[in-house]
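Engineer: Structure of the sequence below:
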Amino acid sequence: MFSFCAEPDTLDGLAWLSCYLTTGKHMAFYTSFGTVLLLLAITAPLALGFGFFAAAGSRSHIPPLKWLSNIYMAIVRGVPDIAFFLFFVIALDQGFEWMRHQVLCSDWDQPIRQGNDFIVCAAAKLPNNSAPEIIHQIYGFALAVLTFAIVFGAFAGNVLAGAFRAVPHSQIETAEAYGMTKRQTFWRIMVPQMWTYALPGLSNLWMVLIKATPLLFLLGVEDIVYWARELGGTKTARFTDYPHGDWRMYYFFGLLVFYLLFTKVSEAVLSRITRNLSHGQATAAGEKMRKAGAKA
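Structural biologist: Residues are numbered from 1 along each chain as shown. Predicted coordinates for the structure are as follows:
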């Protein structure tokens, strides 16, 4: 980064530290914070979408759709996150390759399963072995996003299903008395109001999602936990030019501060959203705001 960094052995003090903190590997470490934020930005709405359709499906009058929604929420919620992540990413990857193999390699005469090995033709590999490294990284990140969305979508579905049940039944009866169809009642009465009841649970789920992002490390994505371990360790070969002691404590302390600040900002934003949604609503939060306004 700096011209005086050409000879690391001759540096000491702040000059050495400035060169050390601006190496290419440290730039990758700083970029990995963006990877975590991007994961959250994509996963949160995607998981909310999975959860909404699961919650709506659990209320469906079509038995197969209702069963499928309830089974999805029950299975995912009942399996430990780590076990599901480690299993599902492999299963999803192999599932995609198996489908491509059936289409692209119809003349393949070898079994796909050979003992413990899963072998498909070269054309079916995802991504292709000759693909640039960035393609491999994007593919791995996409699998991680989908896995996170499916897992947290099941939890979101459970929260939203409870929120649907919390909408006062009298309002539904009133809508039906005015001649609204079940579809109109669902979209015009239940959906707008259920968010007030769902937000506390969704807020907690958002915090859990933030704390779950280090699981990217288990999925092979070079996230902030991966780089903190690599850069802070003493036995890594990544920094032969900048040897140092065991600094993992400092790196992980930095991650602790990052997560604490991020959750604090999230709490402030979610509290503001809760106040806006609760205004005028027949909920405990809405009643509290009404009484406070009356006293003022």
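Engineer: Work out the gap between the helix or strand hosting residue 85 and the centre of the chain.
Structural biologist: In this structure, residue 85 sits in helix 81-104 according to DSSP states H and E. A distance of 18 Å separates the centroid of the chain from that of helix 81-104, by Cα atoms, centre = their mean, to the nearest Å.
Engineer: Can you tell me the strand partners of the next helix or strand after that helix and which way each runs?
Structural biologist: Next along the chain after helix 81-104, taking DSSP H and E as the criterion, comes strand 113-114. Paired neighbours of strand 113-114 in the sheet (DSSP bridges): strand 117-118 (antiparallel).
Engineer: Residues touching the partner strand, excluding its own?
Structural biologist: Residues external to strand 117-118 that are found in contact with it (Cβ atoms under 8 Å, 6 or more residues apart in numbering): 94, 97, 112. The way it works is simple: take the backbone N, C-alpha and C, and place the C-beta from them, glycine included.
Engineer: Looking at the residues you listed, spot the one nearest residue 268.
Structural biologist: Nearest to residue 268, judged by Cβ to Cβ, of these is residue 94 at 42.6 Å.
Engineer: about what we covered before: so which of the contacts of strand 117-118 is the closest to residue 139?
Structural biologist: Set against residue 139, the nearest of those by Cβ to Cβ is residue 97 (11.3 Å).
Engineer: who touches that closest one in this structure?
Structural biologist: Going by Cβ under 8 Å, 6+ apart, residue 97 touches 118, 120, 124, 125, 126.
Engineer: How confident was the prediction at the third one?
Structural biologist: Yep, that's residue 124 we're talking about. Looking at residue 124, its pLDDT is 81.
Engineer: give the contact list for it.
Structural biologist: Neighbour list for residue 124: 97, 98, 100, 101, 104, 105 [criterion: Cβ under 8 Å, 6+ apart].
Engineer: Check residue 186 too.
Structural biologist: Contact analysis of residue 186 by Cβ under 8 Å, 6+ apart lists residue 56.
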